[in-house]
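In: coords below, sequence missing:
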């Protein structure tokens, strides 16, 4: 299986914020979910892949091609949905298609029409009259019609209702049935990624806090729910973060099996991606 | 590139229509003798200046460049597209100006010769090219809103300079006399200077855009 995207030691220093030594890979035929709190570096990472900002260090390759040296060819293989829709208000979907057909060498007008019909965007309305959901659908239709091998989606499903989100997630799953396709999707909505992603990279304060196969992460991590006195007996090195409340404590357990062997009396529950994010953030605050 | 040109034409269709209406109205004023026919030439320069500025303003409003830079067109394509569109605006409005002048000349509504009218139109087109050469790097660096003042100053400096020289000459002030060959070569030299300035401006804008972060 070839890697669709390889990011190695990516660094971008803004002074007040630093994307620090970020490395991960997205294998072909998979969806990588990029999670993290606001300002963790998700959008910065995607901007670096697209050369929208100048990185301070590191290398990025898409299907083996360097994004700096072969920028044009690389971008022809990338479909993009950014966190906001950037088409002019006065444009109609057909006009958007005509514009993009002049920019993407592999543009498929029939495919664009197919998605416009599927998403109910065939009317005479302009972008200005679209709801956020419709705008996002238009951007997604455009990204698919460019016939990319890699889709980069920056918060593409945020602000959409659950029905539309589910519909779009199905499209993403259909897209990666081809082993030569892959998706990198950043999202705050971790439930979407639990449904669709094969791999997860969690960015925390500009660094990779964890990266790996989603099922393995959810299988190895656990959530300890116990009282304060029980928590005080636990080796803190086994924990990723702790949330202390009035009625008890919650802690992120890094290796639930090893933990269960050492503390058989304590119960470790399964975790969600949101638990991992929230508890890691809490641990960091403490 | 083709897509970027099409985008500029589509989003500015309404404004271009309005400006064409202006040409008709001012043309009417010229026929009735309210304005001199040279006003058509000035309109060409105004089009060459305002249409690219509006195009950048609309791109700024929708943050279109962030998207365009992520496409295969990239930064270079955005800059090339904007310079090509500006050139197209000057060319089309120049040709429209020449067509109006030809019509006026053929119908005998002006005492000026057709050659004189063409010279006015071509000079204004060259002046517009020079203005855009100065303005476009500022537009692409600072955006339409902040570059507006610079455009006004440039417009006043270039056209005000010409008007001042014309005024001085008409009041009998003796301006430095150039040798005959130089005077004859001035229109061509001005056109070549404008074209060269436009090319240099393109190179500067490319440099500005290469450093830009979206």
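Out: Cool, got the structure. A quick note: this is a predicted structure, and the numbers were derived from the prediction, not measured. Numbering: from 1, shown residues only, chains lettered A, B, ... in the order given.

In: now do residue B:203: how many residues are near it, please.
Out: For residue B:203, the neighbour count with other C-beta atoms under 10 Å in any protein chain shown is 11. For glycine as for every other residue, the C-beta is placed from the backbone atoms N, C-alpha and C.

In: okay, it and chain A: tell me how far apart.
Out: Taking C-beta to the nearest C-beta, to the nearest Å as the measure, residue B:203 falls 19 Å from chain A.

In: what residues sit buried inside whichever helix or strand that residue is part of?
Out: Assigned by DSSP states H and E, residue B:203 belongs to helix B:180-211. Of all the residues in helix B:180-211, those buried under the rule 16 or more other C-beta atoms under 10 Å in any protein chain shown are B:190-191, B:194, B:197-198, B:201-202, B:204-206, B:208-209.

In: off-centre distance for stretch A:178-198?
Out: Relative to its parent chain, stretch A:178-198 has a centroid offset of 6 Å by C-alpha atoms, centre = their mean, to the nearest Å.

In: helices of chain B, start to end?
Out: B:2-11, B:13-32, B:38-62, B:64-70, B:74-106, B:114-142, B:144-170, B:180-211 (DSSP state H).

In: returning to what we had before: the helix holding residue B:203: how far from the chain's middle?
Out: 13 Å.

In: ok, now stretch B:200-214?
Out: How far stretch B:200-214 lies from its chain's middle: 20 Å, per C-alpha atoms, centre = their mean.

In: give me the contacts around that stretch.
Out: Under the criterion C-beta atoms under 8 Å, 6 or more residues apart in numbering or on different chains, residues A:47, A:52-54, B:65-66, B:69, B:75-76, B:78-80, B:82-83, B:132-134, B:136-137, B:140-141 lie in contact with stretch B:200-214.

In: give me the angle between the helix or strand bottoming out on mean pLDDT in chain B and helix B:114-142.
Out: Sorting the helices and strands of chain B by mean pLDDT, DSSP states H and E puts helix B:144-170 at the bottom, at a mean of 79. Angle, helix B:144-170 to helix B:114-142, by axes from the mean of the first three to the mean of the last three C-alpha atoms, to 10 degrees: 150 degrees.

In: rewinding a little: out of the buried residues of helix B:180-211, which one sits closest to chain A?
Out: Nearest to chain A out of the buried residues of helix B:180-211 is residue B:209 (C-beta to the nearest C-beta; 11.8 Å).

In: state the distance from that closest one to residue B:65.
Out: Distance, residue B:209 to residue B:65, using C-beta to C-beta, to the nearest Å: 9 Å.

In: now swap in residue A:74 and tell me
Out: Distance from residue A:74 to residue B:65, by C-beta to C-beta: 19 Å.

In: what comes up buried for the one helix or strand residue A:259 maps to?
Out: Applying DSSP H and E as the criterion places residue A:259 in helix A:256-262. Within helix A:256-262, the residues scored as buried using 16+ other C-beta under 10 Å are A:256, A:259.

In: for the helix or strand just after it, packing partners?
Out: Where DSSP H and E defines the elements, the next helix or strand beyond helix A:256-262 is strand A:268-270. Where contact means 3 or more C-beta pairs under 8 Å, 6 or more residues apart in numbering or on different chains; DSSP states H and E, strand A:268-270 is packed against strand A:222-226, helix A:256-262.

In: what's the first helix or strand after strand A:268-270?
Out: Counting by DSSP H and E, what follows strand A:268-270 is helix A:273-285.

In: you'd agree residue A:252 is up against residue A:277?
Out: No: with contact defined as C-beta atoms under 8 Å, residue A:252 does not reach residue A:277; the gap is 9.6 Å.

In: residue B:195 reaches residue B:125, doesn't it?
Out: No: look at residue B:195 against residue B:125 with C-beta under 8 Å: they stay out of range, at 10.9 Å.

In: quick revisit: need the helices and strands packed on strand A:268-270 in TSV with distance to chain B and mean pLDDT, can you?
Out: Listed next are those as TSV, based on distance: least, C-beta to the nearest C-beta, whole Å; pLDDT from 0 to 100:
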stretch	distance to chain B	mean pLDDT
strand A:222-226	38	93
helix A:256-262	40	92
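
In: can I get the ones you listed in TSV with distance to residue B:171?
Out: As requested, the helices and strands packed on strand A:268-270 are arranged in TSV below (distance: least, C-beta to C-beta, whole Å):
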stretch	distance to residue B:171
strand A:222-226	90
helix A:256-262	94
